[in-house]
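>>> give me the fold of what follows.
(chains A and B)
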Amino acid sequence: SQKIEQNSEALNIQEGKTATLTCNYTNYSPAYLQWYRQDPGRGPVFLLLIRENEKEKRKERLKVTFDTTLKQSLFHITASQPADSATYLCALRGGTGGFKTIFGAGTRLFVKA
Amino acid sequence: DAGVTQSPTHLIKTRGQQVTLRCSPISGHKSVSWYQQVLGQGPQFIFQYYEKEERGRGNFPDRFSARQFPNYSSELNVNALLLGDSALYLCASSLRQGLGVTYNEQFFGPGTRLTVL
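Below you'll find the model as predicted:
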């Protein structure tokens, strides 16, 4: 079955450093890979989307890479700030999965001042 | 502009009861999806509706059903509640159904926290 794996352990980094989160998937060939941010008790907020034929996407301090051979995406937050502390969810859509969106369990990020 | 709204915010039910959750999408959005999020897990897809028709269903039992109304709002119904149905139920709206880039961005509501005792 389709499976998405994200670092289950929380990531703790110092303010100003770059946070790197990993998303690996199996049994899936998605057309799109998305990253969402979720704060406690709130719904996820869409951040970035990258297509299967794209290697890298940037938006302000965010960068996403997508390697369809390794079936992996890396999500980077540069110059991290305490306000970036949240859970970050990887999601796949399209391709062999059709219209539904499949989410990973998320990685909790803590940025210390 | 108002975002996606969901009601109620919190709900406590007992096993065997039935529950109805409501969602109003962003104005102009015609597609609504429902997700179940158990603590510590990512959202799990339940249903997608577009133009009042079911367009996708996840691996949930028939106790789960939904519908979309002419104004594009939606209801999720769960019958014969089990303890394991306790979760945050999220509604997400998107402009349309499709696989183009534009249709990928989903806007989530704050969710309904359901507790089954």
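>>> stretch A:85-102 - what's its average pLDDT?
If you average the pLDDT over stretch A:85-102, you get 85.
>>> how long is that stretch end to end?
23 Å (CA to CA, to the nearest Å).
>>> without its sequence neighbours, what residue ends up closest to B:R67?
Nearest non-adjacent residue to B:R67, counting by CB to CB, 6 or more residues apart in numbering or on different chains: B:E75, 5.7 Å away. For the C-beta atoms, the positions are set from N, CA and C on the backbone; glycine is no exception.
>>> beta partners of that neighbour?
With DSSP bridges as the criterion, B:E75 is bridged to B:R22, B:R67.
>>> now B:L83: how far from chain A?
According to CB to the nearest CB, to the nearest Å, B:L83 stands 21 Å off from chain A.
>>> what do you get for B:S93?
On the measure of CB to the nearest CB, B:S93 and chain A end up 11 Å apart.
>>> quick one: contacts of whichever strand or helix holds that residue?
Using DSSP states H and E, B:S93 sits within strand B:87-94. Contacts of strand B:87-94 with the rest of the structure, by CB atoms under 8 Å, 6 or more residues apart in numbering or on different chains, involve A:43-44, B:4, B:6, B:21, B:23, B:25-26, B:29, B:31-39, B:43, B:72, B:74, B:76, B:103-109, B:111-114.
>>> now do the SS call for A:A83.
helix (DSSP: H, G, I helix; E, B strand; the rest coil).
>>> list the residues that contact it.
Counted by CB under 8 Å, 6+ apart, A:A83 has contacts A:V111.
>>> what of the one 4 residues further on?
Contacts for A:T87 were tallied using CB under 8 Å, 6+ apart; they are A:37-40, A:106-109.
>>> what does B:A66 give?
Contacts of B:A66 (CB under 8 Å, 6+ apart): B:34, B:46-47, B:49, B:54, B:74-77.
>>> from the contacts of strand B:87-94, which would you call buried?
If you count burial by 16 or more other CB atoms under 10 Å in any protein chain shown, the buried members of these come out as A:43-44, B:4, B:6, B:21, B:23, B:25-26, B:29, B:31-37, B:43, B:72, B:74, B:76, B:103-104, B:106-109, B:111-114.
>>> surely B:Q41 is in contact with A:G104?
No - contact between B:Q41 and A:G104 fails when scored by CB atoms under 8 Å: they sit 9.1 Å apart.
>>> settle it for me: which of these two has more neighbours?
Taking other CB atoms under 10 Å in any protein chain shown, B:Q41 and A:G104 do not tie; A:G104 has more neighbours (27 against 14).
>>> can you tell me which residues contact the more buried one?
Residues near A:G104 by CB under 8 Å, 6+ apart: A:4-6, A:23, A:25, A:89-91, B:42.
>>> now with 6 Å?
With contact taken as CB atoms under 6 Å, 6 or more residues apart in numbering or on different chains, A:G104 is in contact with A:4, A:6, A:23, A:90, B:42.
>>> before we move on, what about B:G16?
B:A80.
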